[in-house]
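Asker: could you work out the structure for the sequence below:
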Amino acid sequence: MNRSLIPTAARSAIAGFALTLVAFGGMQLNAQAFSRHDSNAPVQFDADDISVEDRQNRVVLIGGVNVTQAGLRVRSQRMLVDYSDQGDLSISRITATGGVNVTRGNETARGDVAVYDLERRLITMAGNVELRRNGDTLSGGRLTIDLTSGRASVDGKGASSGENSSGRVTGTFTVSQKAGGGAADSDQEQ
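Answerer: Next up, the predicted model:
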């Protein structure tokens with residue numbers, strides 16, 4: 001087929017669709033998210049109710065829970081904060097349940113459950129997950145965010161039993177609008 005007969009907009013759409021097929025073929029899509037986060041920064045928290053379970057080395061936070069660390073904010077209805085007590089208290093893991101929202105700047109991740117492993121610098125979310133940045137959205141069953149590399153991976157696994165999930169990843173990506181290049185202009189190209 002003669003490439004010059006295909007309008008520029010159509011060529012862009014075909015290329016985008018081909019990239020989407022490649023990305024979704026493995027039912028996993030990777031993106032950059034939450035990069036350059038300082039997971040060694042102090043962790044601040046507030047909740048309606050906080051109880052310390054010293055023998056289990058954990059803190060239970062219930063009701064409108066907010067945890068912040070260096071611009072990263074985690075909100076949910078309940079969190080378990082596991083820590084080690086070897087001379088000083090050191091948080092090792094935060095498990096959040098009940099409408100979990102993780103935000104930093106213009107990036108937002110949502111899910112039913114999230115585990116923030118501070119030692120491995122990983123956030124893993126499961127159940128109805130959604131990752132948003134600006135106008136771009138990825139949705140699936142499980143989301144893993146590597147805070148060291150900023151790499152986020154969404155896949156169709158991890159769907160909860162009550163979730164109506166096809167086991168596929170879906171998404172919407174915005175397309176930059178070029179000045180003066182509308183659809184009518186594209187059709188006139190030869």
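
Asker: next one: phi and psi at residue 56?
Answerer: Reported as degrees, to the nearest 10, the phi and psi values for residue 56 are phi -100, psi 0.

Asker: count the neighbours of it for me.
Answerer: Residue 56 is surrounded by 11 other residues when neighbours are defined as other CB atoms under 10 Å. In this view, the C-beta of every residue, glycine as well, is placed from N, C-alpha and C.

Asker: for residue 122, same thing?
Answerer: Residue 122 is flanked by 16 other residues according to other CB under 10 Å.

Asker: and it, bridged to which residues?
Answerer: Beta-bridge partners recorded for residue 122 (DSSP bridges): residue 117, residue 146.

Asker: and it, what does it touch?
Answerer: The contact partners of residue 122, taken as CB atoms under 8 Å, 6 or more residues apart in numbering, are 116, 144-147.

Asker: so what pLDDT did it get?
Answerer: The per-residue pLDDT reported for residue 122 equals 93.

Asker: packing partners of the longest strand along the chain?
Answerer: Among the elements of type strand in the chain, defined by DSSP state E, the one spanning the most residues is strand 89-104. Counting contacts by 3 or more CB pairs under 8 Å, 6 or more residues apart in numbering; DSSP states H and E, strand 89-104 packs against strand 58-69, strand 72-85, strand 107-117, strand 122-133.

Asker: tilt between the third one and strand 58-69?
Answerer: In this structure, strand 107-117 runs at an angle of 150 degrees to strand 58-69, with axes from the mean of the first three to the mean of the last three CA atoms, to 10 degrees as the basis.

Asker: do the same with the last one
Answerer: Our comparison of strand 122-133 with strand 58-69, counting by the same axes, to 10 degrees, yields an angle of 40 degrees.

Asker: direction included, what does the strand or helix carrying residue 154 pair up with?
Answerer: Taking DSSP states H and E as the criterion, the element that holds residue 154 is strand 151-155. Each strand paired with strand 151-155, and its direction, by DSSP bridges: strand 28-32 (antiparallel), strand 136-146 (antiparallel).
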